[in-house]
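> Provide a 3D model corresponding to the input given below.
(chains A, B and C)
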Amino acid sequence: MSGARLELAGIGKSFRGLRAVHDVSFSVPAGAIHALIGPNGAGKTTIFNMIAGVFAPDAGIVSLDGRVISGLRPDRTCDAGIGRTFQLVKPFKGLSVLENVTVGALHRKPGLAQARDSASAILSRLGLYDRRHQLAESLTLPDRKRLEVARALATEPKLLLLDEVMAGLRPTEVDVMVAFLRELNAQSGLTILLIEHVMRAVMALAAEVVVVSYGEKIAEGTPQTIARHQAVLDVYLGEAEEP
Amino acid sequence: MTFARRLVGNAAPRTVWLLAALLALLLIAPAILGKYWLSVLILILYFAYVGQAWNILMGFAGQLSLGHALYAGLGGYVAAGLFFHYGIGPWAGVFAAVAAAALAGTIVGYLGFRFSLAGVYFALLTIAFSEFTRLAFDHWEWAGGAGGLFLKVDGGSDIVNLRGGSLLFYYVILALAAFAFILCRALLESRLGRYWLAIREDAEAAQAVGVPVLRCKMIAIVISAALTALAGVWNAFYYNNLFPETAFAMGRSIEITLAPIIGGLGTLFGPVVGAVVLTGLGEAFTDLGEALGMPGIKQIFYGLALLVIVMYRPAGVWPWLAGKLGLGELRK
Amino acid sequence: MTADFLLSLAQAVTKGLLTGMVYGLMALGLSVIFGVMRVVNFAHGEMMVVGMYLAWMGFEYLGVSPLLSLPFIAALFFVAGYALQRGLISPFIGRPEHQQFLLLLAVAILLVNGALAIAGPDSRGVQLDSQFDSYELGPIVFDAVRLHAALAAIAIAALLWLFFTRTRTGKSIRAAADNHMGALVVGLDVRRLYAFTFGVGAACVGAAGALMITIIPVTPFLAGEYTLLAFVIVIVGGLGSMTGALMGGLLIGVSEAVAGLLLQPSLKSMFSFGLLILVLLLRPQGLFGKSSS
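Numbers count the residues shown, from 1 in each chain, chains lettered A, B, ... in the order given. You can find the predicted model right below:
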């Protein structure tokens, strides 16, 4: 796996007259880890959905390594190298942990046996190997999150979209996930874009941060820069009242 | 890896030997069993077969079809019609029968899946198509209309034209049931089968990991329809008559679903176990009804049995039974 | 188009509208049950048939007209429906469709065979005193029996509308239908509401049955047909819409009557199923339903 460059140019989406995302543009260089932050309802998951192909943008273009992928269905964007996790995890509940990841691996491997091998290897890296025969249904939330990441990784993506993967994890678990993602990125050069609320993870991982609010990009820069950015502070903390 | 090796896969040797023994028993069964028990066994094998076919769409791919009589009926009518009008034997007619059912499956599937119908809505679509076809056949003279289509029975034995006694039909349905079982196992242990299970569990997540959902669903319904058509052909030549009222009846669609649901949806052994349980119950209740002098009571007991099973063993009899017998690895 | 033909057509449409009103009431019951709880009531037609039988028995053995026994039958159905939901169906609410289907199929088998055991397979009809009366509006003749049934159906539908819009329980039910989680959060006793809902839906069916027996005789074999008809009407008319259920009933009633006139009677259902397919594909929320997200 190596990473791909992601470019969003003028992305917009409306739902029945309600403007969810408007004129958002940013890029994530190959091999970088960037974060997408903003208050709830700002349109972050909508942006992810447009990149992953759940729906096409009303305006603008999404491209991966220069190739236009906006409008492709999710299974085709997966072909192109996009892996994603969901905000509310969606494991294949009735299947075992191994079978869950195997489905992802089947996307790249020629046969079931090779897919299972690949899946086993990924599970080992995520510390889920000893639970590989357990039903996904019986996993705890942190394990389900790791399963979701493992399954996405099995498709050998060049860009990994992580939607609030830290949510609900305890600080120690967050650190473990951060370390894992950092190592993954260092070893394979996989491009990662995170939606996150857990600032600890954002500060630790992201080289650059994009801030959206009410569907529009309001700031972009290093974590340190945007932490001091007035517009960002206003959005998160509320504007100061007139004296 | 050879096909046989892949088929066996992770299954324990004990399982394979048990199945082989069962098959051997079934092969010599006619020599041991009397006429009555043979006919019961035929019934069991029929429901096991057609249940396997339906299970592919529901248990594997997760789409509820309550209109499967459409495919059985089409299969039966095409093969029987070709034989009746042109003397084309069923071994040749079966190709046309399967093609007709596959086409119907393609239409129902494409309309249903492309328009994102799921759950009850998809089920209602399947019912609508089946009912519509039933009414159409009521008025189609080539197929005999409402009065029915009757195949000549001349008492002779003619394997080519499937004319013969129970013995012939027993071996044919046994072959079909064994074929379906092996096919389902092969499918489950393949990329397609895994994709189906993923779609059944969570189609959106499946698509996110690259599963071509629409294509897989279409393949499921076409295979399911094609296999069900074979049951229809068998049925037509065994009973020698076809009426739209029964061939395409909702009751027939429902009875196709009972064995796999009762036995265990999405499992390999579910439809078989379900067929045994349901046929066994049916026969037992019929006898009980006759003994009590109230033949109608059979249906009431049947209804109660279904109620009890769905309330206490909603996942099906087989998963529970497998657990009890310590056959954990066969749950799937 | 001769004047005679037009008259026959008008006559058929009238007959269809009147019968359709009763169909609408039956479908209203399903709209309530399916619309609120998403329970796939495969026993709907069987419930209708039981209602028809009860009304017939009231007439046959007690000499009471179905129109009079209707309130009692409806009340009985309410209680039975409440109990059925509370006792049997409740655990199945979130479960996959095939399990609900099997449960209600079992209930349907029990109901229809119970009726068969008690009343036998022959058709049972009700001959009211007003059987041969009719009203005339210009050249069009209205069957008195059908007209009374239709009017009763409208009255019941109106009562139902009042219930859902004016009473607290009714409004709570609509709230729970719209937003299950929200209803729980707000403290509504959803289990009790659901049982109430099923009771109301069942009462509609029972009432529809009592009215239907005045129009046509009953056999146990009608049940399956009515279940399908109820679903067709509810889908075509639009889930969650009372108007939809009634309009759908009228539409189906009229199409049946007209098809019976123009084509062979046995083809009348083909139009209904064709319409169902079109609605499912093109406008799944039904003709009167709200477009869902």
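
> host element of residue 201?
Picked chain A for this. Taking DSSP states H and E as the criterion, A:Ala201 maps to helix A:199-205.

> not what I meant, chain C
helix C:190-215.

> List the buried residues in that helix.
By 16 or more other CB atoms under 10 Å in any protein chain shown, the buried positions in helix C:190-215 come out as C:190, C:193-215. Just so you know, the C-beta spots here come from the backbone N, C-alpha and C atoms, and that holds for glycine as well.

> So which elements touch that helix?
helix C:3-37, helix C:44-62, helix C:66-84, helix C:144-166, helix C:168-178, helix C:180-186 (3 or more CB pairs under 8 Å, 6 or more residues apart in numbering or on different chains; DSSP states H and E).

> which residues touch the residue nearest to B:Asn241 when sequence neighbours are not counted?
With CB to CB, 6 or more residues apart in numbering or on different chains as the criterion, B:Asn241 has its nearest non-adjacent residue at 5.1 Å, and that residue is B:Phe150. Residues in contact with B:Phe150 (CB atoms under 8 Å, 6 or more residues apart in numbering or on different chains) are B:84, B:144, B:240-241.

> where's C:Ala43 relative to chain B, distance?
Going from C:Ala43 to chain B by CB to the nearest CB, to the nearest Å gives 10 Å.

> Am I right that that residue is in contact with C:Gln100?
No. Contact criterion CB atoms under 8 Å: C:Ala43 and C:Gln100 do not qualify, at 10.7 Å.

> Settle it for me: which of these two has more neighbours?
C:Ala43 (26 against 22; other CB atoms under 10 Å in any protein chain shown).

> now for the helix holding A:Ala201, which elements pack on it?
strand A:33-37, helix A:171-188, strand A:191-195.

> Just put these in JSON lines and tack on distance to C:Ile33 and mean pLDDT.
As requested, the helices and strands packed on helix A:199-205 are exported to JSON lines (distance: least, CB to CB, whole Å; pLDDT from 0 to 100):
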{"stretch": "strand A:33-37", "distance to C:Ile33": "44", "mean pLDDT": "95"}
{"stretch": "helix A:171-188", "distance to C:Ile33": "45", "mean pLDDT": "93"}
{"stretch": "strand A:191-195", "distance to C:Ile33": "40", "mean pLDDT": "96"}
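
> I'd like to know which of the ones you listed is closest to chain C.
Evaluated over those, closeness to chain C peaks at strand A:191-195, with 22.0 Å, by CB to the nearest CB.

> can you list contacts of that closest one?
So strand A:191-195 is contacted by A:3-6, A:28-37, A:44-45, A:48, A:51, A:87, A:158-165, A:181, A:184-185, A:201-202, A:205-206 (CB under 8 Å, 6+ apart).

> the inter-axis angle of that strand versus helix A:171-188?
Relative orientation of strand A:191-195 and helix A:171-188, computed by axes from the mean of the first three to the mean of the last three CA atoms, to 10 degrees: 150 degrees.

> and the angle from strand A:191-195 to strand A:33-37?
Counting by the same axes, to 10 degrees, strand A:191-195 points 20 degrees away from the direction of strand A:33-37.

> which neighbours does strand A:191-195 have in its sheet, and in what orientation?
strand A:33-37 (parallel), strand A:159-163 (parallel) (DSSP bridges).

> Show the average pLDDT along the last one.
If you average the pLDDT over strand A:159-163, you get 96.

> where are the low-confidence patches of chain A?
Within chain A, the ranges that satisfy pLDDT under 70 run A:1, A:238-243.

> Next, give phi and psi for the closest residue to chain B within chain C.
Residue of chain C nearest chain B, by CB to the nearest CB: C:Ile109 (3.4 Å). Here is the backbone geometry of C:Ile109 (degrees, to the nearest 10): phi -60, psi -40.

> neighbours of the residue in the stretch 201-332 of chain B that chain C sits nearest to, just the number please.
Going by CB to the nearest CB, chain C is nearest to B:Gly303 of the stretch 201-332 of chain B, at 3.4 Å. The local packing of B:Gly303 (other CB under 10 Å) involves 20 other residues.

> what does A:Val97 give?
29.

> ok, it - contacts?
A:Val97 sits in contact with A:123, A:128, A:131-136, A:139, A:147, where contact means CB under 8 Å, 6+ apart.

> Enumerate the residues of the stretch 51-200 of chain B near chain A.
Neighbours of chain A within the stretch 51-200 of chain B, by CB under 8 Å from any CB of the partner chain: B:189-191, B:194-195, B:197-198, B:200.

> Which ones among those lie within strands?
Members of these lying in strands (criterion: DSSP state E): none.

> buried subset of the residues you listed?
Neighbour-count burial (16+ other CB under 10 Å) applied to these gives B:189, B:191, B:194-195, B:197-198, B:200.

> Could you provide the residues you listed in a markdown table, with additional columns for pLDDT and distance to B:Ala48?
Listed next are those as a markdown table, based on pLDDT from 0 to 100; distance: CB to CB, whole Å:
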| residue | pLDDT | distance to B:Ala48 |
| --- | --- | --- |
| B:Glu189 | 89 | 20 |
| B:Arg191 | 94 | 26 |
| B:Arg194 | 94 | 24 |
| B:Tyr195 | 95 | 25 |
| B:Leu197 | 93 | 21 |
| B:Ala198 | 95 | 26 |
| B:Arg200 | 92 | 21 |
